[in-house]
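[1] Build the 3D model from these lines:
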Amino acid sequence: MSKPPVRWPINGRRTAIVVVDMQGVFCNPDGAIYVPDTAGIVAPIATLVEGARKAGLPIIYLRHIVRGDGSDTGRMRDLYPTVDVILARDAHDVDVIDSLRPLPGDIIVDKLFYSGFHGTDLDTILRARDVDTIVVCGTVTNVCCETTIRDAVHREYKVVALADACAAMPYPDMGFGALTAAEIQKVSLTTIAMEFGEVTTTADILQRIAAAAVKRFEAAA
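    As a prediction, the model looks like this:
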């Protein structure tokens with residue numbers, strides 16, 4: 001079955017940017033869960049965030065952070081036995097990397113597992129601002145980004161994923177053959193485009209955000 005890809009209208013008053021897990025633990029070469037492809041998405045995300053701020057869109061940063069005492073990691077600890085150390089609140093590299101550091105007025109949401117909605121106030125934050133569309137970027141494409149996207153769609157948000165501002169990581173052979181980051185990225189973005197929302201580029205979404213801002217200004221004049 002083939003179908004045309006969806007393309008959501010962008011209303012600057014009802015759109016927010018969600019930056020997923022661009023923390024040192026994932027983005028720095030010495031990070032415990034380093035995702036090499038994050039090196040290529042820092043600049044696009046920085047450009048996106050700058051343009052979105054100028055247009056007055058909310059900027060929301062997700063961080064994967066846990067207590068560190070084992071009380072809140074559950075199945076995550078079964079999958080990643082060192083999670084209480086590497087993602088603990090007081091770990092040195094759980095903050096958003098300096099080149100994407102949140103500014104006053106930006107929103108930070110800490111999450112315990114993959115989805116930005118699970119056990120957080122993200123949904124409340126978005127609805128309080130009358131947001132119905134979120135633009136998602138960050139890492140890891142097929143895990144925290146995609147899980148957040150799926151949960152957003154289940155809550156009736158329109159979702160835009162940015163192909164050049166999301167990073168996947170390679171997987172070892174888990175019984176089915178090893179996978180490169182490019183292979184995982186291709187499957188995840190195809191799944192999102194087919195089943196959950198829109199996939200586009202940073203340049204395209206920035207152009208549409210700017211156009212929406214001009215339209216809003218002209219309507220107010």
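[2] Now do the strands in this structure.
    15-20, 59-64, 107-111, 133-139, 158-167, 198-200 (DSSP state E).
[3] Let me have those in CSV, extended by mean neighbour count and mean pLDDT.
    For every residue, glycine as well, the C-beta is placed using N, CA and C. Listed next are those as CSV, based on neighbours: other CB atoms under 10 Å; pLDDT from 0 to 100:
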stretch, mean neighbour count, mean pLDDT
strand 15-20, 26, 98
strand 59-64, 23, 98
strand 107-111, 17, 98
strand 133-139, 26, 98
strand 158-167, 24, 98
strand 198-200, 21, 98
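[4] I figured residue 133 hits residue 156, correct?
    No. Applying CB atoms under 8 Å, one finds residue 133 not in contact with residue 156, separated by 10.8 Å.
[5] what residues are shared contacts of those two?
    Here residue 133 and residue 156 share no contacting residue, scored by CB atoms under 8 Å, 6 or more residues apart in numbering.
[6] Just list what the longest helix anywhere in the chain packs against, helices and strands only.
    If you go by DSSP state H, the chain has its longest helix at helix 202-220. If contacts are counted by 3 or more CB pairs under 8 Å, 6 or more residues apart in numbering; DSSP states H and E, helix 202-220 sits against helix 42-54, strand 158-167.
[7] burial count for the closest residue to residue 27 other than its chain neighbours?
    In space, and not counting its chain neighbours, residue 27 is closest to residue 38: 4.4 Å by CB to CB, 6 or more residues apart in numbering. Other residues near residue 38 come to 25 when the count uses other CB atoms under 10 Å.
[8] Please report how far residue 38 lies from residue 150.
    Distance of residue 38 to residue 150, computed by CB to CB, to the nearest Å: 21 Å.
[9] repeat for residue 195
    According to CB to CB, residue 195 stands 9 Å off from residue 150.
[10] So for these two, which residue has more residues nearby?
    Using other CB under 10 Å as the criterion, residue 195 and residue 150 rank with residue 150 on top: 19 against 10.
[11] Mind pulling up the pLDDT for that one?
    Turning to residue 150, the model gives it a pLDDT of 98.
[12] buried residues in the lowest-mean-pLDDT helix or strand in the chain?
    Here the helix or strand of the chain ranked lowest by mean pLDDT, DSSP states H and E is helix 202-220, holding a mean of 87. Neighbour counts using 16 or more other CB atoms under 10 Å place 202, 205-206, 208-210, 212-213 of helix 202-220 among the buried residues.
[13] What lies in contact with it?
    Contacts of helix 202-220 (CB under 8 Å, 6+ apart): 10-13, 15, 44-45, 47-48, 51-52, 54-57, 135, 137, 160, 162, 164-165.
[14] Report the inter-axis angle for it versus strand 15-20.
    150 degrees (axes from the mean of the first three to the mean of the last three CA atoms, to 10 degrees).
[15] Any idea how far helix 202-220 is from the middle of the chain?
    21 Å (CA atoms, centre = their mean, to the nearest Å).
[16] do the same with stretch 92-104
    14 Å.
[17] tell me which residues of that stretch are tucked away?
    Using 16+ other CB under 10 Å as the test for burial, stretch 92-104 gives 93-97, 100, 102.
[18] Just the buried residues of stretch 18-35, please?
    Neighbour counts over stretch 18-35 (16+ other CB under 10 Å) mark 18-28, 31-35 as buried.
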